[in-house]
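S.K.: quick one, fold the following:
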Amino acid sequence: MEINKFWLRTLGILGILGGIVLLSGDLLFYFDPVNTDLKANMGSATDIRIIMSAITALFATWFYVLGVGQVYYAFKPSSTIVRNTVVITFAAILIAYGVIHGAYVAIATTAKLSVQNDIDMETATALASKTNNILRLFVYPFFAVLTVVFITQVWKKKTLYPRWIIAFFPIIPFLFRGLFNKFLTGGTWIIFVGGFFNLILILFFIASTIALWNTNNKNKN
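M.R.: The predicted structure is shown next:
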């Protein structure tokens, strides 16, 4: 798979765009400059915000999956099995991001109905929340495999990525999530907590695009 410099950069930008679009979808669900109760904010969201948030999941998933093409290129020096493992697991995770976000429509809708009809919110959203949590369980094995293979291959210098990219691989900022939570409040807290998973993917694709920006000049594969 030959990718010229223009398309290599474009794929990275599409990955970044996927994160920005789905982050916007998160904020459509959650954002309130004052209230930090995520479910309460979803219960107060307008119909158009919920609909638009669902639509972002579709476009963001397309952009994210295209962004994986850049990771595929970076793993050209690795074996075919390793490269395909990284691409398949990464794509599976990113597709799951879109599906799980779409499933949040059920939580938002039931939260909204609970507010409108004075029903206990936890009771009203229980089934939708349980379904969403079950969907997440399918992602963890893929993430575990991707983490081990990605970090190992990059550390052994079997990819086109420099070792510093490991610092931006999603598992690393994830480990510091709790630390940031303690220092953020209000709207900033909502953006960080509500959009956390997309923020770390935006960070990864920015780092990946920077790392590979001039790859074609340095590697004639």
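
S.K.: so who does the residue nearest the centre of the chain touch?
M.R.: Centroid check for the chain by Cα atoms, centre = their mean gives N198 as the closest residue, at 3.6 Å. Counting by Cβ atoms under 8 Å, 6 or more residues apart in numbering, N198 touches G19, I20, L22, L23, D26, A60, Y97. (Each C-beta comes from the backbone N, C-alpha and C, glycine too.)

S.K.: can you put these in CSV and add secondary structure?
M.R.: As requested, the contacts of N198 are exported to CSV (DSSP: H, G, I helix; E, B strand; the rest coil):
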residue, secondary structure
G19, helix
I20, helix
L22, helix
L23, helix
D26, helix
A60, helix
Y97, helix
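
S.K.: need the residues you listed in CSV (columns: distance to I3 and pLDDT).
M.R.: Listed next are the contacts of N198 as CSV, based on distance: Cβ to Cβ, whole Å; pLDDT from 0 to 100:
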residue, distance to I3, pLDDT
G19, 21, 96
I20, 22, 96
L22, 24, 96
L23, 26, 95
D26, 30, 93
A60, 22, 97
Y97, 24, 92
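
S.K.: now do the helix or strand harbouring V65: which elements does it pack against?
M.R.: Assigned by DSSP states H and E, V65 falls within helix 47-74. Helix 47-74 sits against helix 5-30, helix 80-116, helix 196-211, with contacts defined as 3 or more Cβ pairs under 8 Å, 6 or more residues apart in numbering; DSSP states H and E.
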